[in-house]
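*Asks:* sharing a sequence plus its predicted fold:
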Amino acid sequence: MPFYKETNRFQCSNHAGRPCIVIEQMRTDLLGNTGLDPTKIDYLTEDGDVVSRLDESLFLVLISQEELMLTQR
């Protein structure tokens, strides 16, 4: 079972302007050791929806296909 360490939070908004926080988490082992493998980074909203990072300023909520634009890092 993987463990997670929060590494960053992004303030985003959807096309209608609704604010949303995207959380970046890195998978770790039981001792909290992390690697540099970018495939071990996951993104989700504060509500728990899984998010995919499309590029430096755009995220996609997978369940609703809603795009979130980065407003502040």
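*Replies:* Nice, I can see it.
*Asks:* name the helix or strand for the one residue sitting closest to the centre of the chain, please.
*Replies:* Closest residue to the average C-alpha location of the chain: residue 43 at 2.3 Å, with CA atoms, centre = their mean. Here residue 43 sits within strand 41-45, counting by DSSP states H and E.
*Asks:* sheet-wise, list the partners of that strand with their directions.
*Replies:* strand 19-28 (antiparallel), strand 50-55 (antiparallel) (DSSP bridges).
*Asks:* what mean pLDDT does it get?
*Replies:* For strand 41-45, the mean per-residue pLDDT is 94.
*Asks:* same check on stretch 62-73?
*Replies:* So the average pLDDT for stretch 62-73 ends up being 91.
*Asks:* quick one on the thing from earlier: in the strand holding residue 43, what counts as buried?
*Replies:* 42, 43, 44, 45 (16 or more other CB atoms under 10 Å). C-betas here are computed from N, CA, C, even on glycine.
*Asks:* hmm, who's touching that strand?
*Replies:* Strand 41-45 is contacted from outside by 4, 7, 20-27, 50-53, 59, 61, using CB atoms under 8 Å, 6 or more residues apart in numbering.
*Asks:* farthest-separated two in those?
*Replies:* Within these, 20 and 27 form the most distant pair, 22.5 Å apart (CB to CB).
*Asks:* those two: who's more crowded?
*Replies:* Just comparing residue 20 and residue 27: by other CB atoms under 10 Å the higher neighbour count belongs to residue 20, 20 against 15.
*Asks:* the more buried one and residue 12 touch, don't they?
*Replies:* Yes: under the criterion of CB atoms under 8 Å, residue 20 makes contact with residue 12 at 4.9 Å.
*Asks:* now do the shared contacts for these two.
*Replies:* Overlap of the contact sets of residue 20 and residue 12 (by CB under 8 Å, 6+ apart) consists of residue 68.
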